[in-house]
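Engineer: Can you look at this prediction? I've put the sequence above it.
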Protein chains: 2
Amino acid sequence: MAYELYYWPTIQGRGEFVRLALEEAGADYVDVARGSEQDGMGVPALMRVMQSESAKHPPFAPPFLKAREALIAQTANILAYLGPRLNLVPDDEPGRIWVHQLQLTVTDFVKEAHDTHHPIASSLYYEDQKPEALRRSADFLTVRLPKYFGYFESVLKRNGGQWMVGGAISHVDLSMFQIVAGMRYAFPKAMAGQERAYPGLVALHDRIAVRPRIKAYLQSPRRIPFNEKGIFRHYPELDR
Amino acid sequence: MAYELYYWPTIQGRGEFVRLALEEAGADYVDVARGSEQDGMGVPALMRVMQSESAKHPPFAPPFLKAREALIAQTANILAYLGPRLNLVPDDEPGRIWVHQLQLTVTDFVKEAHDTHHPIASSLYYEDQKPEALRRSADFLTVRLPKYFGYFESVLKRNGGQWMVGGAISHVDLSMFQIVAGMRYAFPKAMAGQERAYPGLVALHDRIAVRPRIKAYLQSPRRIPFNEKGIFRHYPELDR
């Protein structure tokens, strides 16, 4: 059975945390909205699910995953479902709760990273909320980034420095790769100044990047480049 | 064994979603930070956990729950842990994933409700971000509130109108009560104008409010009144 991932086809966004897990595991999956409309895929296929009146478990927003009869949304919830199936979580319940807790903290961070360029409304363009974005970004880079990255660094360190949880890779390690990569793209100056404070996270990022399947994925057309439609956007005026 | 809940003692905030679940279930619990410092409780007890260098699973922020040897943070994660133990989730895995997905959507809503008064930075006072709060609240009330409440209303309707999920109460029903109550407190004018569009949610709120244990809780000193330190704050200038 192939998993069906539904997410916006032109951005990494929240879907990327799921894509990385599927890729690392070598899972059989289809990135539906990136498929061809002639084959019944593309954005219309995503919209059909969103607008279905008969879906028993309607998603509030992408990403969502179809797995056999299940339809599951919310990034961290999808990863909690996939975790045991892709061997990307510990075997024990306390370990899984802990991985999920960390993934939910990633979710919070991602929302804050998004709101640096959209502090007023997702329904408005960045250009319509630029003064507010400047203020929010300044706080994000001086207060929030150190708080989150300092926390993740300390979690990694407490666990020995190799993996975030337990003795093997989990989806949270993949998410650490993604937020380091995203922050470097969006805020290269701030990251250049700050990332030496998080040597463990940077080393983890580098180890993830060269894992065979991840490396192949990053070099493939399946990896959408960072751009100014996604979560991590590079607006030089917001960086410092 | 008594559960130990750790949350800020003067606000409902995110901790309230956990308190409501514990109260509905008649669970034995201690609201630690509201206890006396002489008894080893109070805010210092909360801070000791936050600052512990030896905690295996350190929380990023309150609320967190101690249950035997477990220390669990993130509101929705705590509820996922408590759900089966308090009989507030369905028995089957798909039902539990679905309840959790809805709870995570509540989490997103709560963050957006918070950011109406803090669109720039949690580290600043409301008074320092008032013009931005006015803009963000306008979008929240006209775009986001209808989107979230319309979604929850449709989920409730699809399930028959009595409960959000399955044939019995779950912690998501309690959360629906809380967000309706919170929005009525924070934005009475906007809610007066809009809530007729969500008759199912309003009726659910009313049914939850008169459940014996919830009713007793709401009338007790354990229920902290809404105030201007929490998530749902009443600033008349933001309401319309």
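Structural biologist: Ah, there it is.
Engineer: From here on, just use CA atoms for contacts and neighbour counts.
Structural biologist: Noted.
Engineer: Can you tell me which residues in chain A are near chain B?
Structural biologist: With Cα under 8 Å from any Cα of the partner chain as the criterion, chain A meets chain B at residues A:56-58, A:60, A:70, A:72-74, A:77, A:81, A:94, A:97-98, A:100-101, A:104-105, A:119-121, A:132, A:135-136, A:139-140, A:151, A:155, A:158.
Engineer: And A:Leu65, its phi and psi?
Structural biologist: Taking degrees, to the nearest 10, you get phi -130, psi 130 for the backbone angles of A:Leu65.
Engineer: Can you name the residues that contact it?
Structural biologist: Residues in contact with A:Leu65, defined by Cα atoms under 8 Å, 6 or more residues apart in numbering or on different chains, are A:3-6, A:71-73, A:78.
Engineer: Among the residues you listed, name the ones in strands.
Structural biologist: Those of the contacts of A:Leu65 mapping onto strands are A:3-6, A:71-73, per DSSP state E.
Engineer: Quick check, A:His57 in contact with B:Trp98.
Structural biologist: Yes: between A:His57 and B:Trp98 there is a contact under Cα atoms under 8 Å: 6.8 Å.
Engineer: Now for those two: what residues contact both?
Structural biologist: Listed contacts common to A:His57 and B:Trp98 are A:Ile72; contacts here mean Cα under 8 Å, 6+ apart.
Engineer: what about the two, which has more around it?
Structural biologist: Neighbour count, other Cα atoms under 10 Å in any protein chain shown: between A:His57 and B:Trp98, B:Trp98 has more, with 24 against 21.
Engineer: which regions of chain A sit below the pLDDT cut-off?
Structural biologist: Counting by pLDDT under 70, chain A has no low-confidence residues at all.
Engineer: could you give the angle of the longest helix seen in it to helix B:93-115?
Structural biologist: Taking DSSP state H as the criterion, chain A has its longest helix at helix A:93-117. Orientation of helix A:93-117 against helix B:93-115 (axes from the mean of the first three to the mean of the last three Cα atoms, to 10 degrees) gives an angle of 40 degrees.
Engineer: tell me what helix A:93-117 is packed against?
Structural biologist: Applying 3 or more Cα pairs under 8 Å, 6 or more residues apart in numbering or on different chains; DSSP states H and E, we find helix A:93-117 packed against helix A:75-85, helix A:130-139, helix A:171-186, strand B:70-73, helix B:75-86.
Engineer: next helix or strand past the third one?
Structural biologist: To tie it back to what came earlier, the one meant is helix A:171-186. Next along the chain after helix A:171-186, taking DSSP states H and E as the criterion, comes helix A:188-194.
Engineer: sorry, back to before: can you lay out the helices and strands packed on helix A:93-117 as JSON lines showing distance to A:Phe17?
Structural biologist: As requested, the helices and strands packed on helix A:93-117 are exported to JSON lines (distance: least, Cα to Cα, whole Å):
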{"stretch": "helix A:75-85", "distance to A:Phe17": "7"}
{"stretch": "helix A:130-139", "distance to A:Phe17": "23"}
{"stretch": "helix A:171-186", "distance to A:Phe17": "6"}
{"stretch": "strand B:70-73", "distance to A:Phe17": "21"}
{"stretch": "helix B:75-86", "distance to A:Phe17": "19"}
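Engineer: Turn the ones you listed into a markdown table, including mean neighbour count and distance to A:Pro44.
Structural biologist: As requested, the helices and strands packed on helix A:93-117 are arranged in a markdown table below (neighbours: other Cα atoms under 10 Å in any protein chain shown; distance: least, Cα to Cα, whole Å):
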| stretch | mean neighbour count | distance to A:Pro44 |
| --- | --- | --- |
| helix A:75-85 | 21 | 21 |
| helix A:130-139 | 20 | 32 |
| helix A:171-186 | 22 | 28 |
| strand B:70-73 | 22 | 38 |
| helix B:75-86 | 20 | 32 |
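Engineer: For B:Ala192, which of these is the nearest?
Structural biologist: B:Ala192 lies closest to helix B:75-86 among the helices and strands packed on helix A:93-117, at 28.6 Å (Cα to Cα).
Engineer: That closest one to helix B:171-186, inter-axis angle?
Structural biologist: Interaxial angle of helix B:75-86 relative to helix B:171-186 (the same axes, to 10 degrees): 130 degrees.
Engineer: dump the residue contacts of A:Gly150.
Structural biologist: Counting by Cα under 8 Å, 6+ apart, A:Gly150 touches A:197-198.
Engineer: For it, give its distance to A:Arg196.
Structural biologist: Separation of A:Gly150 from A:Arg196 (Cα to Cα, to the nearest Å): 11 Å.
Engineer: try A:Arg136
Structural biologist: From A:Arg136 to A:Arg196 the distance is 23 Å (Cα to Cα).
Engineer: What of A:Ser122?
Structural biologist: 32 Å.
Engineer: Those two - which one has more neighbours?
Structural biologist: A:Ser122 (15 against 11).
Engineer: Provide a list of residues in contact with the more buried one.
Structural biologist: By Cα under 8 Å, 6+ apart, A:Ser122 has no neighbours at all.
Engineer: I believe it is in a strand; please confirm or correct that.
Structural biologist: No: per DSSP: H, G, I helix; E, B strand; the rest coil, A:Ser122 lies outside any strand segment and is coil.
Engineer: any idea how far A:Pro225 is from the residue nearest to A:Asp28 when sequence neighbours are not counted?
Structural biologist: Of all residues not flanking A:Asp28 in the chain, A:Ala2 sits nearest, at 4.9 Å (Cα to Cα, 6 or more residues apart in numbering or on different chains). Here A:Ala2 is placed at a distance of 24 Å from A:Pro225 (Cα to Cα).
Engineer: what do you get for A:Gly26?
Structural biologist: 21 Å.
Engineer: List phi and psi for the residue nearest to A:Pro9 when sequence neighbours are not counted.
Structural biologist: Distances taken as Cα to Cα, 6+ apart put A:Arg34 closest to A:Pro9, at 4.9 Å, once the chain neighbours are dropped. Backbone torsions of A:Arg34, given as degrees, to the nearest 10, read phi -90, psi 0.
Engineer: pretty sure A:Arg34 contacts A:Gly42?
Structural biologist: Yes: at 5.3 Å, A:Arg34 counts as touching A:Gly42 under the criterion of Cα under 8 Å.
Engineer: contacting residues around A:Ala27?
Structural biologist: A:2-3, A:86 are the contacts of A:Ala27 under Cα under 8 Å, 6+ apart.
Engineer: Check the spacing between the residue nearest to A:Ala70 when sequence neighbours are not counted and A:His57 real quick.
Structural biologist: Distances taken as Cα to Cα, 6+ apart put B:Pro94 closest to A:Ala70, at 7.4 Å, once the chain neighbours are dropped. Separation of B:Pro94 from A:His57 (Cα to Cα): 10 Å.
Engineer: Over to A:Leu204?
Structural biologist: Going from A:Leu204 to A:His57 by Cα to Cα gives 36 Å.
Engineer: A:Asp108 too?
Structural biologist: 23 Å.
Engineer: same check, this time on A:Ile208
Structural biologist: 34 Å.
Engineer: In contact with A:Val32, which residues?
Structural biologist: With Cα under 8 Å, 6+ apart, A:Val32 has these contacts: A:4-7, A:41-43, A:45-46.
Engineer: mind redoing it with 7 Å?
Structural biologist: A:4-6, A:41-42 (Cα atoms under 7 Å, 6 or more residues apart in numbering or on different chains).
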